[in-house]
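1. Below are the sequence and a predicted model for it; my questions follow.
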Amino acid sequence: DCSVEGGLVCVNNEQKPGSRCLDYEIRFLCPKYTPTASWSSWIDRDDPSGTGDREDRENLEKGLGASMPCQNPEAIECRTVRTHIPASSTGQVFKASADCSVEGGLVCVKNEQKLGSRCLDYEIRFLCPKNTP
């Protein structure tokens, strides 16, 4: 059962014969952000190219325009698209002004990575303030 009180526990010997628990992750919505803000959906504006992966605010605002989740986000989260590993845990180098920051977003530059490495595919989302009366 996945609950606030108990979290999530999977026990291998309680699974079907020959089955093992999968690797799960949980997260909590903390009272600090409710009810004044909510997370946007994940945005993957750019796929890694010869130069890198750019999920930066400037290009997001140009490309999404009025579809931008919010203009003044309170926070940002950055992760890889398929594995959902936080960008900060990948070991990759990001542009200083766009290293998963609210102001800059996330930019991975290929020629700043280890020799022979290329940028992973990243996505970002914003914590947007709700309009409260």
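-> The structure has been received and is ready for your questions. Residues are numbered from 1 along each chain as shown.
2. ok, and the helix or strand in this protein with the lowest average confidence?
-> helix 57-64 (a mean of 82; mean pLDDT, DSSP states H and E).
3. how about the CA coordinates for that helix, as CSV?
-> Provided in CSV are the C-alpha atoms of helix 57-64 (Å, rounded to 0.1, in the frame of the first residue of the first chain):
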residue,chain,number,x,y,z
ARG,A,57,13.8,29.3,-20.2
GLU,A,58,14.6,31.6,-23.1
ASN,A,59,13.8,28.9,-25.8
LEU,A,60,10.9,27.6,-23.8
GLU,A,61,9.3,31.0,-23.6
LYS,A,62,9.9,31.6,-27.3
GLY,A,63,8.6,28.1,-28.3
LEU,A,64,5.7,27.8,-25.9
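4. Give me the buried positions along that helix.
-> For helix 57-64, the neighbour count (16 or more other C-beta atoms under 10 Å) marks 57, 60 as buried. C-beta coordinates here come from the backbone N, C-alpha and C atoms, glycine included.
5. helices or strands up against the very next helix or strand once past that helix?
-> Later in the chain than helix 57-64, the nearest helix or strand by DSSP states H and E is strand 75-80. Packing partners of strand 75-80 (3 or more C-beta pairs under 8 Å, 6 or more residues apart in numbering; DSSP states H and E): strand 94-101, strand 105-109, strand 122-129.
6. and the direction of strand 75-80 versus that of helix 57-64, what angle?
-> On the basis of axes from the mean of the first three to the mean of the last three C-alpha atoms, to 10 degrees, strand 75-80 is oriented at 80 degrees to helix 57-64.
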